[in-house]
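> Show me how the following folds:
(chains A and B)
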Amino acid sequence: MKLESKIPEGPLAEKWARHKFALKLVNPANKRKYDIIVVGTGLAGASAAASLAELGYNVKAFCYQDSPRRAHSIAAQGGINAAKNYQNDGDSVFRLFYDTIKGGDYRAREGNVYRLAEVSVNIIDQCVAQGVPFAREYGGTLANRSFGGAQVSRTFYARGQTGQQLLLGAYSALSRQVANGKVKLYTRTEMLDLVVEDGKARGIVVRNLITGKIESHSGHAVLLCTGGYGNVFYLSTNAMGCNVTAAWRAHKKGALFGNPCFTQIHPTCIPVSGHYQSKLTLMSESLRNDGRVWVPKTKEDAEKIRKGQIKPSDLGEEARDYFLERRYPSFGNLVPRDVASRNAKNMCDEGRGVAKTGLAVYLDFADAIKRDGLKTIEAKYGNLFEMYEKITGENPYETPMMIYPAVHYTMGGLWVDYNLMTSIPGLYALGEANFSDHGANRLGASALMQGLADGYFVIPYTVGDYLATIGPADKLPVDAPAFKEAEQKIQAQVNKFLSIQGERPVDDLHKELGHIMWEYCGMSRSADGLKIAKQKIQALKKEFWTNSKVLGDAGEMNQGLEQAGRVADFIELGELMVDDALNRNESCGGHFREEYQTPDGEALRDDANYTYVAAWEYQGEDKPELLNKEPLEFENVKLTQRSYK
Amino acid sequence: MKITLKVWRQKNSNTPGKLVEYQLDNVSEDMSFLEMFDVLNDSLTRKGEEPVAFDHDCREGICGTCSMYINGRAHGPQTGATTCQLHMRSFNDGDTIVVEPWRARAFPIIKDLIVDRLAFDRIIQAGGYVSVNTGSAVDANEILIPRTIADEAMDAAACIGCGACVAACKNASAMLFVSAKVSQLAILPQGKSEHKERAERMVAQMDSEGFGACSFTGACSVECPKSISLDHIARLNREYLGAKLSSDNIQG
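So this is what the prediction gives:
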């Protein structure tokens, strides 16, 4: 397949403006003749649905949650970046662009990232106008803080609940359009298939999660705003319901999947406490500003700590290894996420991990408390310390916190062009569901920015160009054979899940998949390990389809059945992630291949051979997928080796 | 730990429900309350019994999905926390725990512990927003907002819409939920131009959904996982009264 990124010609700073002018428009009176389907109501989906309805399109918005306000964007803590330069500290659109490209280890498109930085300033204006209560200075101006990977203060925040406040802003705009009759909401409704005819996206097939009814919805365009696929690892910081099903089923209908192996592992999460663990909780990255990361110098001491024979406070300075400060004297505890995560894993692999499981390192605030006083630390991190204590039952003011890396975000996703259109005309992917802006590693506070940029400021322009091209008559009725066939196929799949009646609950199979992915396709990967993973996933897939156990009926609310569909898709995606990781014979960002590292253990890119987007094309059940390459061209930044020594 | 659970089981809204007893023998105190339910559901599934349906998603106290009465209290014995943030170390070996869905006329039961809270969405649709289209905003620093006002608005905006306030209220009143949104937007300059209409419309919607009148007991604020203050109810009352006295809107 020929991949056309459709990046406009011209100087970087003029591309978006020129492109906006070149795009076709839909006459205001004609907009009401078009129906747009939006799947997912997080930052990308809610902002897109609201903005498109404001323009006059008829929007149908779908979410699996009981309310659009509960989409997982709500859980983002830290903040949202914008190149406002309110702090007069040297920020600019170009600097935000540059930081994002570099942070992504040079595996993202220049054109897309520049546009993201450009519209970032409009996002803050829009959110403030909606009543989002961002943090303020006493004089009434907006406050900023700094965040990993940047040397300027450009992060806007609302306490530790920035995602919540931004989402509630977008949700309020969406609610206003529901009241206006321009958006029809479908809650507790899950998309299970995409309908494509004559090479265009025509609509979706969904299951009503309350009644179990399978039904079709037709539209002129379909927008997938369905988030990331971190739950392929079972344990992640994602919500329990986050899934890849909408994106994956679109992929099986022809949408290419870009860079599936690019996963972000966040270094500061609360460690796993037992086999029953269902999810992992993130502790804000800001903790690394004051906390010192360490493990015991010797395996023997670590062993004693694990057995509870000694306490961390029994070990003096000489018995501790502050490994980030030791290895990266200039960045110390503030190295980027991927580097911090990998080092913590190495310490545990060496047998120097703490906690009963041996899978944790300390994040110690004793020195900060001594230096700044308890009050200062409490003011900065009080709510986080409280959250930690609620979960672990330990008081981090008295004993060091324990942390371990966890899956947090997926940079990969459906391949899209500059218009956010996938390789299927009329099908778009926005926010975390697409692959486009973060390369191989995402910077902190950039996910919220991208979701809202796509929904508020990109899609309202680009979707019109497509709609104007096809015209209002080019729509498939829901009683067309293509919809009926898709409904029957989905009904058959639902019946299949219920008929297997094997031994293992779906959750248990999901856990096993998570273990395989984490072990072989997690923080570090090797060709040998990936080959083992592939075999194990194939075996698991067989077991899933012969030995899973789902109870209850199809025609009612059935959470086990919902999960079965999602896990079936995660298993297939897992195999593709392994293929992608195996294909990429280099280390970059969150993708660390053990064979490709510098003599002192840092990620080693191979720009000559891998400066491309790997866009995978589905070939049919159990057939290897076809690799398409979109070369990445850098005209404005110079590719360099990241160094944090 | 050994725990006895009495869980409300109800097939759907048309079928009567009942409490069913389950025995769990191997509960770790480090488990979250919902992880204990995962363990229960795993064992039920293996035995061929249908697992308990319950609402949950983020499992970190922010999405507002989880909703259970635990021993008669919304979100259980802890204050300032959701069900998903509750851990088994809050209970003792041998305890019997009664788990029920939110009970309120405006929150009909869908299945087992799951209720329908769409009434909250409809209240927000009635006016819980600032009418501003995408693209028409002024520069974010153009309107200065004193830090104290921004903080007060944030206190109100922290509401997660879980419904614990309704569940805790003997009248099943939604006053705390409604007041949190009305208050947030009433004190911010951006929300000022529509503040009268907003209070009137949201209260009218709240009444039509079948929520009860404010009980003045303050139970809502005590059980609120985000500790939303009763001050916001006071502000809502002021907003509503002011709107009624001066508005020319004759609806509701």
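> Give me the below-cutoff pLDDT ranges for the stretch 151-300 of chain A.
In the prediction, the stretch 151-300 of chain A carries no residues with pLDDT under 70.
> List, one by one, the residues from it near chain B.
Taking CB under 8 Å from any CB of the partner chain, the part of the stretch 151-300 of chain A that reaches chain B is made up of A:158-159, A:161, A:164-165, A:168, A:171-173, A:175-176, A:178-179, A:185, A:187, A:210, A:237, A:239-241, A:273-274, A:276-279, A:281-282. All C-beta atoms are positioned from the backbone trio N, CA, C, and that covers glycine.
> let's go with 6 Å and repeat that
With CB under 6 Å from any CB of the partner chain as the criterion, the stretch 151-300 of chain A meets chain B at residues A:164, A:172, A:175-176, A:178-179, A:210, A:239-241, A:273-274, A:276, A:278-279, A:281.
> Backbone dihedrals for A:V119, both of them.
phi -80, psi -10 (degrees, to the nearest 10).
> returning to what we had before: which pair in the residues of the stretch 151-300 of chain A next to chain B spans the largest distance?
The largest separation in these, counting by CB to CB, is between A:A179 and A:G274 at 46.2 Å.
> Comparing those two, which residue is more hemmed in?
More neighbours sit around A:A179 than around the other of A:A179 and A:G274, counting by other CB atoms under 10 Å in any protein chain shown; the figures are 18 against 11.
> residues contacting that one?
If you count contacts by CB atoms under 6 Å, 6 or more residues apart in numbering or on different chains, A:A179 has them with B:Q125.
> what about the one helix or strand B:V203 maps to, distance to the chain center?
With secondary structure defined by DSSP states H and E, B:V203 is part of helix B:195-208. Taking CA atoms, centre = their mean, to the nearest Å, one finds helix B:195-208 lying 19 Å from the centre of the chain it belongs to.
> so, in contact with chain A or not, it?
No: applying CB under 6 Å from any CB, one finds that helix B:195-208 is not in contact with chain A, the shortest distance being 9.2 Å.
> That helix packs against which elements?
Helix B:195-208 is packed against helix B:118-125, helix B:175-187, helix B:231-246, with contacts defined by 3 or more CB pairs under 6 Å, 6 or more residues apart in numbering or on different chains; DSSP states H and E.
> Any chance of JSON lines for the ones you listed, columns mean neighbour count?
Shown next, in JSON lines, are the helices and strands packed on helix B:195-208 (neighbours: other CB atoms under 10 Å in any protein chain shown):
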{"stretch": "helix B:118-125", "mean neighbour count": "23"}
{"stretch": "helix B:175-187", "mean neighbour count": "27"}
{"stretch": "helix B:231-246", "mean neighbour count": "17"}
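> quick one: buried residues of the host helix or strand of A:E300?
Using DSSP H and E, the secondary-structure element containing A:E300 is helix A:299-306. Of the residues in helix A:299-306, those buried under the neighbour-count criterion (16 or more other CB atoms under 10 Å in any protein chain shown) are A:D301, A:A302, A:E303, A:K304, A:I305, A:R306.
> Run through the residues that contact A:F147.
Going by CB under 6 Å, 6+ apart, A:F147 touches A:T155, A:G444, A:A445.
> hang on, isn't the first one packed against A:L142?
No: the criterion here is CB atoms under 6 Å, and A:T155 misses it with A:L142 at 10.7 Å.
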